[in-house]
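> everything below, folded, please.
(one chain, ligands or ions: 1)
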Amino acid sequence: MLPVVVVHGGAGHIPKERAELSTIGVKEAARTGYAILQKGGSAMDAVVEAVTSMENNPRFNAGRGSVLNMKGEIEMDAIVMDGKSLASGAVSAVRSVANPVQLARLVMEKTNHLCLTAEGASKFARSMGVPEVPEESLITDYAKMRWKKNLDPDANPVECQMGKMGTVGAVAVDIDGNIACATSTGGMINKMEGRVGDTPCVGCGGYADNKIGAVSPTGHGEAIMKVTLSRLVLFHMEQGKTPEEASDLALAYMKERVEGLGGVVVVDPKGTWAARFSSLQMSWAAAQQGELHFGLYHGEDFVEPVQEHT
Ligand SMILES: NC(=O)C[C@H](N)C(=O)O
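Residues are numbered from 1 along each chain as shown. A predicted model of the protein is given here:
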């Protein structure tokens, strides 16, 4: 059953013209992570590289392609967590970094802290030699168009928020049984400047523990934080539920209790995995035992060989 990697490209409603590209992106990310695991690489390397590939893909709301805040600027959040030691690292409200997930990993490895924010995170990035990129290089025409549309007095921000998400995330178990997770996002469209979502918060935007499993979520950040969604999924697994049952219970609770929609990718130490969501869609892909599973709508589970590149 090991190794395994499962990725998501965001829960919500993905416009038709972007759906196929989103599926291509998650498949590519799962293949990237799986290639590392097959060579004996660590779960941490696999999730960071899988998320990096989606941050570099402008189709997703992370890295290049991130949504814009009220001022039309980019502020990104990311987290990584290592299930062996429970070490984790995160960044919030970072602007001029192409790959926030890699900066989050540096916070985990090179500091005594769990999360650095805004200017402090940028200073740390500079001190680590992480190249600064112009903010404009991360802003796509699509993100600008959506930002403008939301400034319109007739815009329905709630519908738009729940409409097109696209946060990215990954969970993996390597051949040594180590487990990791990573999540990265531009956050919610037209959010207030300085808004920090669920993604960089441990237990909300991700959790990994070799003894239980790992989770990377997507969805309405404020709702995810209210129910500490990632830890809630793992709590149900600790009580004996399968990753799928635990995900469905936690997502149903978030929906009932705080009217929040979202999705999760989950693994347990044996390599059992799940990709579940309460939103209309979530693009996801999972690689295990030479097979690539993927889907977008409820009930979908397409399978093709991992090797076959499309
Ligand atoms: N698209 C998302 O999943 C948004 C993210 N959870 C946030 O609230 O920042």
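> would you map the helices across this protein?
Secondary structure of the chain (DSSP state H): helices located at 16-38, 43-55, 100-110, 118-127, 141-151, 157-163, 221-226, 229-238, 243-258.
> most neighbours per residue, which of these?
Ranked by mean neighbour count, the helices of the chain are led by helix 43-55 with a mean of 28 (mean count of other C-beta atoms under 10 Å). To be clear about C-beta, it is placed using only N, CA and C from the backbone, and glycine gets the same treatment.
> next, the angle from it to helix 16-38.
Counting by axes from the mean of the first three to the mean of the last three C-alpha atoms, to 10 degrees, helix 43-55 lies at 160 degrees to helix 16-38.
> helix 43-55 packs against which elements?
Secondary-structure packing of helix 43-55 (3 or more C-beta pairs under 8 Å, 6 or more residues apart in numbering; DSSP states H and E): strand 4-12, helix 16-38, strand 76-82, helix 100-110, strand 168-173, strand 179-185.
> could I get these as CSV with distance to Asn69?
Below are these laid out as CSV (distance: least, C-beta to C-beta, whole Å):
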stretch, distance to Asn69
strand 4-12, 18
helix 16-38, 21
strand 76-82, 10
helix 100-110, 15
strand 168-173, 18
strand 179-185, 12
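> where does the prediction get shaky in this structure?
Judged against pLDDT under 70, the low-scoring parts of the chain cover residues 153-165, 309-310.
> let's see 50
Applying pLDDT under 50 to the chain flags the ranges 162-163.
> would you mind listing what in it touches the ligand?
10, 61, 165-167, 185, 187-188, 197-199, 218-219, 221, 224 (C-beta under 6 Å from any ligand atom).
> chain center to stretch 16-34, what's the gap?
How far stretch 16-34 lies from its chain's middle: 13 Å, per C-alpha atoms, centre = their mean, to the nearest Å.
> which non-adjacent residue is nearest the residue in the chain positioned nearest to the ligand?
Proximity of the chain to the ligand (C-beta to the nearest ligand atom) peaks at Gly221, 2.1 Å away. What sits nearest to Gly221 in space, not counting adjacent residues and going by C-beta to C-beta, 6 or more residues apart in numbering, is Gly197, at 3.2 Å.
> list the contacts for that neighbour?
77, 185, 187-188, 191, 205, 221-222, 224-225 (C-beta atoms under 8 Å, 6 or more residues apart in numbering).
> one more time with 10 Å
By C-beta atoms under 10 Å, 6 or more residues apart in numbering, the contact set of Gly197 is 75, 77, 92-93, 167, 183, 185-188, 191, 204-205, 220-222, 224-225.
> got it, and Ala172?
With C-beta under 10 Å, 6+ apart, Ala172 has these contacts: 2-7, 30, 33-34, 36-37, 41-50, 83, 178-182, 208, 214, 216, 265, 267, 271, 273, 287.
> same check, this time on Thr199
Going by C-beta under 10 Å, 6+ apart, Thr199 touches 62, 76-79, 90-92, 100, 104, 167-169, 183-187, 205-206, 216-218, 221, 224-225.
> buried ones among these?
By neighbour count, with 16 or more other C-beta atoms under 10 Å, those hold 62, 76-79, 90-92, 100, 104, 167-169, 183-187, 205-206, 216-218, 221, 224-225 as buried.
> Ala170: neighbour count?
Counted with other C-beta atoms under 10 Å, the neighbours of Ala170 add up to 36.
> that one bridge partners, please.
Counting by DSSP bridges, Ala170 is bridged to Val7, Ala182.
> what's the answer for Ala285, then?
Under the criterion used (DSSP bridges), Ala285 bridges to Val7, Phe294.
> gap between it and Lys211?
26 Å (C-beta to C-beta, to the nearest Å).
> and these two? Which one has more around it.
Ala285 (29 against 12).
> for Asp301, see how far away that one is.
The value you get for Ala285 to Asp301, if C-beta to C-beta is used, is 11 Å.
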